[in-house]
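1. After the sequence you'll find the predicted model.
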Amino acid sequence: MPVFNAVPFLTACLNSIENQSINDWELIAIDDYSTDSSWEILKSFEKKLPNQVQVFQNKKKGIIPALQLAYSKCQGEFITRMDADDLMEKTKLETLRNLLIKNGKGNVSTG
């Protein structure tokens with residue numbers, strides 16, 4: 001999840017991820033040179049859920065480098081993208097995963 005100056009939305013976003021109907025997820029959040037306290041909020045969430053959340057500072061400015069860095073850190077079999085100003089429905093990850101399992105390799109599931 002790329003993050004840039006997302007303080008007004010970030011806590012609600014992170015809570016919606018934490019409250020998913022499944023627990024086997026990881027969040028890779030990349031701070032993209034925020035000038036607000038987004039980094040501190042991310043680090044607090046990482047401290048709260050150290051086995052599920054990892055946060056990093058972007059090495060190059062911009063969403064593409066942020067997504068590339070996040071992808072390089074992923075450990076999971078299924079990957080989805082999240083915006084820092086969005087909310088996940090409680091069953092989003094479960095629904096996306098189940099569709100991919102049902103339809104097999106070579107398919108894409110979006111939310």
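-> Nice, I can see it. Keep in mind that what you see is a predicted model, and the values were worked out from it rather than measured. Numbers count the residues shown, from 1 in each chain.
2. what sits up against stretch 52-67?
-> Residues from elsewhere that reach stretch 52-67, judged by Cβ atoms under 8 Å, 6 or more residues apart in numbering: 2-3, 25-33, 39, 42-43, 45-46, 69-70, 73, 81. Every C-beta, even on glycine, is put in place using the N, C-alpha and C of the backbone.
3. quick one: contacts for the nearest residue to Thr11 once chain neighbours are set aside?
-> Among residues not flanking Thr11 along the chain, Ile41 sits closest, at 6.2 Å (Cβ to Cβ, 6 or more residues apart in numbering). Taking Cβ under 8 Å, 6+ apart, we find Ile41 in contact with Val7, Leu10, Thr11, Leu14.
4. The third one: which element?
-> Under the assignment given by DSSP states H and E, the secondary-structure element containing Thr11 is helix 7-18.
5. buried stuff in that helix?
-> Phe9, Leu10, Cys13, Leu14, Ser16, Ile17, Glu18 (16 or more other Cβ atoms under 10 Å).
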